[in-house]
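> Just a sequence and a predicted model for now, questions to come.
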Amino acid sequence: MAYKAGFIAMLGRPNVGKSTLLNHLVGRKISITSSRPQTTRHRLLGIRTDETSQMIFVDTPGVHLTGKRYINRVLNKTARSALEGVDVILLMIAAGGWTEEDRLALDLAGQHKIPVILLINKIDRLKDKSRLLPLLEASAAMYDFEEIIPVSALQGENVDVLHDRLLSYLPDSPQLFPAEQTTDRSDRFYISEVIREKLFRSLHHELPYALAVEIKQLVFEDGLVKADAIIWVEKQSQKGIIIGKSGGNLKAIGSAARKDLEKYFSTKVFLQLWVKVRENWSDNAQMLRTVGYLEEE
Ligand code: GDP
Ligand code: MG
């Protein structure tokens with residue numbers, strides 16, 4: 001059987017259970033790629049790579065907002081184009097029934113000729129499963145869904161079924177991302193630039209000229225951006241300067257960088273900085289590549 005790979009858009013109002021489902025589909029340690037909407041069309045939520053398939057889950061900007069802003073964003077071209085090129089749309093509602101926000105999400109999903117699977121989440125909350133029937137019927141009457149799958153993202157109920165069903169929507173394709181893909185280079189680069197800027201500001205003439213910032217890890221999770229960065233210097237004395245008295249300088253750098261990044265990502269940022277010494281790193285091509293000074297081959 002040919003390898004399959006494709007894009008799956010996750011659509012649904014806040015709190016409906018998207019992240020919970022992704023945790024089940026992608027695994028504990030979600031490797032998430034995020035790209036600014038203006039640089040890349042898709043914001044990747046997670047990638048699941050198996051022996052026979054690769055599923056790339058993408059976020060749909062604009063459906064995570066409420067009220068008028070939400071509507072504006074839905075009408076926004078960016079939100080629409082986020083769905084272009086995806087192979088299948090997962091629209092999630094909760095077992096409690098359709099809300100106005102759910103309908104807006106459906107409007108957005110329905111603007112494309114892309115198959116839409118409706119997920120009815122939180123079925124574990126229903127004491128009596130027969131109460132699902134009217135909701136299934138009403139939903140089927142609202143739109144020509146490819147399928148309607150009741151799930152419990154929290155308990156993992158029917159998540160395997162969903163995964164198997166999703167396979168049939170993916171085209172034959174080689175893997176699109178390395179199995180260990182964690183994140184997008186441009187976000188890493190931006191974060192390292194912000195940290196460098198703060199380093200320059202705080203250190204002035206004391207600045208060790210041989211200095212580089214490596215983003216060790218970048219994870220987007222539950223509305224939080226977690227970044228681990230290493231500041232590479234060449235000498236122990238330089239390390240001391242950056243860290244400052246009882247870590248005060250490094251703390252200030254981290255806090256200033258975090259503030260900028262929270263604006264950039266429009267979300268909370270958890271930033272951890274380490275300072276490490278590696279002699280003559282600037283002569284080392286591998287090291288330069290790691291910190292983004294050289295293009296990948
Ligand atoms: P998101 O905003 O769509 O990403 O929603 P989250 O995944 O963050 O879930 C919002 C809340 O709903 C959390 O408290 C989850 O634990 C809860 N939740 C998600 N899926 C289920 C489910 O299947 N059953 C129940 N009972 N709660 C769920
Ligand atoms: Mg979420």
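Right, received. Where do you want to start? Ligands and ions are numbered 1, 2, ... in the order given.
> Check residue 83 and give its pLDDT.
Reading off the confidence values, residue 83 has pLDDT 80.
> wait, it sits on residue 8?
No. Between residue 83 and residue 8 there is no contact under C-beta atoms under 8 Å: 11.0 Å. From N, CA and C alone the C-beta is placed, and that goes for glycine too.
> Mutual contacts of those two, please.
residue 89 (C-beta atoms under 8 Å, 6 or more residues apart in numbering).
> residue ranges with poor pLDDT in the chain?
Within the chain, the segments meeting pLDDT under 70 span 27-45, 60-82, 178-186, 204-210, 280-297.
> Show me which residues of it sit near ligand 2.
18, 19 (C-beta under 5 Å from the ion).
> Okay, helices next: where are they in the stretch 151-297 of the chain?
Counting by DSSP state H, counting those that start in this stretch, the stretch 151-297 of the chain has helices at residues 159-167, 185-203, 236-243, 248-265, 285-290.
> Format the ones you listed as JSON lines; extra columns: mean neighbour count.
Output for the helices of the stretch 151-297 of the chain, formatted as JSON lines (neighbours: other C-beta atoms under 10 Å):
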{"stretch": "helix 159-167", "mean neighbour count": "15"}
{"stretch": "helix 185-203", "mean neighbour count": "18"}
{"stretch": "helix 236-243", "mean neighbour count": "16"}
{"stretch": "helix 248-265", "mean neighbour count": "17"}
{"stretch": "helix 285-290", "mean neighbour count": "13"}
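> would you turn those into a markdown table with distance to residue 21?
Compiled in a markdown table, the helices of the stretch 151-297 of the chain are given as follows (distance: least, C-beta to C-beta, whole Å):
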| stretch | distance to residue 21 |
| --- | --- |
| helix 159-167 | 7 |
| helix 185-203 | 24 |
| helix 236-243 | 42 |
| helix 248-265 | 22 |
| helix 285-290 | 34 |
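> so residue 18 sits right up against residue 94, yeah?
No. Contact criterion C-beta under 8 Å: residue 18 and residue 94 do not qualify, at 11.0 Å.
> Can you pick out the residue with more neighbours from those two?
residue 18 (24 against 21; other C-beta atoms under 10 Å).
> list the contacts for the more buried one?
Contacts for residue 18 (C-beta under 8 Å, 6+ apart) come out as 10, 12, 45, 92, 153.
> For the first one, which residues are in contact?
Translated: residue 10. Residues near residue 10 by C-beta under 8 Å, 6+ apart: 18, 21, 22, 45, 57, 58, 59, 60, 90, 92.
> Near the closest residue to residue 114 other than its chain neighbours, how many other residues are there?
Leaving aside its sequence neighbours, residue 114 sits nearest to residue 89 (C-beta to C-beta, 6 or more residues apart in numbering; 5.4 Å). By the criterion of other C-beta under 10 Å, residue 89 has 27 neighbours.
> ditto for residue 110
By other C-beta under 10 Å, the residues close to residue 110 number 16.
> Leaving out sequence neighbours, find the closest residue to it.
Among residues not flanking residue 110 along the chain, residue 143 sits closest, at 6.0 Å (C-beta to C-beta, 6+ apart).
> gap between the one you found and residue 111?
Distance, residue 143 to residue 111, by C-beta to C-beta, to the nearest Å: 12 Å.
> Just want to know which of these two has more residues nearby.
The neighbour comparison of residue 143 against residue 111 (other C-beta under 10 Å) goes to residue 143, with 15 against 12.
> Need the phi and psi values for the more buried one.
The phi/psi pair for residue 143 (degrees, to the nearest 10) reads phi -160, psi 160.
> Pretty sure it sits against residue 116.
Yes. Taking C-beta under 8 Å as the definition, residue 143 is a contact partner of residue 116 at 6.8 Å.
> which residues are common contacts for those two?
Common neighbours of residue 143 and residue 116, using C-beta under 8 Å, 6+ apart, are 106, 109, 110.
> Closest to residue 269 out of those residues?
For the shared contacts of residue 143 and residue 116, the residue nearest residue 269 by C-beta to C-beta is residue 109; the value is 30.3 Å.
> Next, that closest one: phi, psi?
Dihedral angles for residue 109 - degrees, to the nearest 10 - are phi -60, psi -40.
> Tell me who's in contact with it.
By C-beta under 8 Å, 6+ apart, the contact set of residue 109 is 11, 83, 89, 91, 116, 143.
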